[in-house]
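**Q** quick one: sequence and predicted model below, then my questions.
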Amino acid sequence: MCAKSEIFIIKPKSNKKNIAPFFIDSVSAGFPSPATDYLESKLDLNEYLVKHPAATYIVKANGPSMIKAGIMSGDLLIVDRSITPRNENIVIASIFGDLTVKKIRKKDTSLFLVSANQEYPSIEVKEEMECFIWGVVTYVIHNTITK
């Protein structure tokens, strides 16, 4: 039995740009520093997170198989289908029609889909398997605030 993480594809509700205020000052992660009231500009997250809009989609991770790669259940993954997967990239793969997020690893002539959690085994991709790479994960949006 292969352990996998479930993936949910999220489609945007509209083509509207997501713009948020962007401040020039950084925020101290140590001791507090005085903040300025100067707004630098508006920030469109698409400009930072989406390099190829026609080939990019967002999925929601579900499950603990990639926790050591910093991907937690509930995280949003920005995925670019236009990027050629390379060794050690984190990818969205379809295995017999089920989507999963794994690290791709080539060893000699073999190809593996590797979890980032020791409790989940690697999956060796065999010629007879129905396996497709649906894109390379380029960013992870992680919610660290508990509800």
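**A** Alright, I've got the coordinates. Everything quoted here is computed from the prediction, not taken from an experiment.
**Q** model confidence score at E6, please.
**A** For E6, the pLDDT comes out at 49.
**Q** all helices of this structure, in order?
**A** 45-49 (DSSP state H).
**Q** which sections of it are below the confidence cut-off?
**A** For the chain, the stretches flagged by pLDDT under 70 are 1-41, 145-147.
**Q** centre-most residue in it?
**A** Centroid-nearest residue in the chain: L77, 2.9 Å away (criterion: C-alpha atoms, centre = their mean).
**Q** contacting residues for that one?
**A** I7, I58, V59, K60, A61, I71, I92, V101, V137, Y139, V140, I141 (C-beta atoms under 8 Å, 6 or more residues apart in numbering). Every residue, glycine included, has its C-beta placed from N, CA and C.
**Q** give me that answer again for 6 Å
**A** Neighbour list for L77: V59, A61, V137, V140 [criterion: C-beta atoms under 6 Å, 6 or more residues apart in numbering].
**Q** do you know how far the last one is from L77?
**A** For V140, the distance to L77 under the criterion C-beta to C-beta, to the nearest Å works out to 6 Å.
**Q** which one of the contacts of L77 is nearest to Q118?
**A** Among the contacts of L77, A61 lies closest to Q118 (C-beta to C-beta), at 18.0 Å.
**Q** how many residues are close by the closest one?
**A** 25 (other C-beta atoms under 10 Å).
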